[in-house]
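Trainee: just a sequence and a predicted model for now, questions to come.
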Amino acid sequence: MRRTEAAGVASALAGACLWGIVWLPLAALERRGLAGLWTTFAVFGLVGLAILPGLVRGLARGTMEMPWRPALVLLVFGGLTNFLFFLALTKTSVVRALLFFYLSPVWNLLAARIWGGIPLTGRKVGVVALSLTGASVLLGLHHLALVRWSWGDTMALGSGLAFAASVVGLKGLPHAPAWSLAGLNWLGSALLAAAGLALSQPPLPGPVGNW
């Protein structure tokens, strides 16, 4: 395996591990009275604000190549990815949320075939079939557990679909620095959470004394 391939595999594994344990700090925040949309807004709002000055400065000086169309796609669908996944973790079990989210490579393959014209080889079809079969077994289809659908399952599945769509935005920003791409994701999540809070008007988080 070449060094670049090894780095890619290591990055994918690190990302998977991160997504797999992100529920731990979320559970700790929930125990302290910060849950649901408030958690999403607080987490992504803070990191989004931290990255915003550098993003604005780079765009204003013209030192950052970021066409607005793919940037908007990444802002919306990248934001939806995080937004829906965080909410899914509060509405369904961690295992179901992760399994539905990790079906996103299947949607990537299908999207590449439909919109990109990339042919589906026998190997790719086999991987898709194996992925769907494994997910069905783990989700309990043989015990009809998959039939007991919840809003959290819908959000987790939507998160995976949004991630597949956000790849379109990423491909349109090949020269933008990685930190700016992550920043667009975070800002999108914070804006969606803010809109959700404005529409649903949930009660304020628990008292400061809980912290």
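Mentor: Received, thanks. Remember, predicted model here, so these are calculated numbers, not experimental data.
Trainee: what packs against whichever helix in the chain runs longest?
Mentor: In the chain, with assignment by DSSP state H, the single longest helix is helix 37-61. Applying 3 or more C-beta pairs under 8 Å, 6 or more residues apart in numbering; DSSP states H and E, we find helix 37-61 packed against helix 23-31, helix 79-91, helix 178-200. Just so you know, the C-beta spots here come from the backbone N, C-alpha and C atoms, and that holds for glycine as well.
Trainee: for those helices, which one sits closest to residue 50?
Mentor: helix 178-200 (8.5 Å; C-beta to C-beta).
Trainee: angle of the closest one against helix 79-91?
Mentor: Calculated by axes from the mean of the first three to the mean of the last three C-alpha atoms, to 10 degrees, helix 178-200 forms an angle of 60 degrees with helix 79-91.
Trainee: now helix 178-200: buried residues?
Mentor: 180-181, 183-193, 196 (16 or more other C-beta atoms under 10 Å).
Trainee: same check on stretch 80-94?
Mentor: Under 16+ other C-beta under 10 Å, the buried positions of stretch 80-94 are 80-92, 94.
Trainee: got it, and stretch 25-43?
Mentor: Quick answer for stretch 25-43 (16+ other C-beta under 10 Å): 26, 29-30, 33-41, 43.
Trainee: now the longest helix of the chain: how far from the chain's centre is it?
Mentor: 16 Å (C-alpha atoms, centre = their mean, to the nearest Å).
Trainee: and the average pLDDT for it is what?
Mentor: Throughout helix 37-61, pLDDT has a mean value of 85.
Trainee: what residues sit buried inside the next helix or strand after that helix?
Mentor: Using DSSP states H and E, the helix or strand that follows helix 37-61 in sequence is helix 68-73. Neighbour-count burial for helix 68-73, with 16+ other C-beta under 10 Å as criterion, is recorded at 70-71, 73.
Trainee: pull helix 68-73 out as PDB, backbone CA atoms only.
Mentor: C-alpha atoms of helix 68-73 as PDB (Å, rounded to 0.1, in the frame of the first residue of the first chain):
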ATOM      1  CA  TRP A  68     -20.200  29.900  -4.000                       C
ATOM      2  CA  ARG A  69     -22.300  27.100  -5.500                       C
ATOM      3  CA  PRO A  70     -20.300  24.100  -4.200                       C
ATOM      4  CA  ALA A  71     -19.700  26.100  -1.000                       C
ATOM      5  CA  LEU A  72     -23.500  26.500  -0.500                       C
ATOM      6  CA  VAL A  73     -24.000  22.800  -1.200                       C
END
